[in-house]
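Student: Next input, structure requested:
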Amino acid sequence: QVQVVESGGGLVQTGGSLRLSCAASGRTFSNYAMGWFRQAPGKERDFVARITSSGGNTYYVDSVKGRFTISRGNAKNTVYLQMDSLKPEDTAVYYCAVAKYSSGWLDVPRGYNYWGQGTQVTVSS
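Tutor: Numbers count the residues shown, from 1 in each chain. Now for the predicted structure:
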């Protein structure tokens, strides 16, 4: 059974940093893309960043470019999201997701097969 577990959320002041971690287990993930999404209260779940199976390519939503960095661990079943220069508008529940197939849907939730339970990130002004 596949499990996806996030950690690292918390409360931080504007301009601060957090590092989210995600660990997937239950099968080999070296061929799977992984991504991060976030969902603020009353809003849809939005794409934040994703990384290819090899870790060689990364993609970001415009609002986090230059501030967030996604990376994969050596074992390929872990993914990290380094978040710097945080803003109040980054406040949301952050979800890690794993995609079994490469497709044109990797910037939307439907492109992913496995999800974590989410971790809360709160940025105070």
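Student: Give me the pLDDT for the residue most central in space within the chain.
Tutor: In the chain, the centroid-proximal residue (Cα atoms, centre = their mean) is Trp36; its distance is 2.0 Å. Trp36 is assigned 98 on the pLDDT scale.
Student: Contact partners for it?
Tutor: Shown in contact with Trp36 (Cβ atoms under 8 Å, 6 or more residues apart in numbering): 20, 22, 48-50, 70, 79, 81, 94-97. In this view, the C-beta of every residue, glycine as well, is placed from N, C-alpha and C.
Student: 7 Å - rerun?
Tutor: By Cβ atoms under 7 Å, 6 or more residues apart in numbering, Trp36 lies in contact with 48-49, 70, 81, 94-96.
Student: same deal with Val121?
Tutor: When contacts are counted by Cβ under 7 Å, 6+ apart, Val121 touches 9, 18, 90-92, 94.
Student: got the residues you listed as a markdown table, with neighbour count columns?
Tutor: Below are the contacts of Val121 laid out as a markdown table (neighbours: other Cβ atoms under 10 Å):
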| residue | neighbour count |
| --- | --- |
| Gly9 | 19 |
| Leu18 | 21 |
| Asp90 | 22 |
| Thr91 | 18 |
| Ala92 | 22 |
| Tyr94 | 23 |
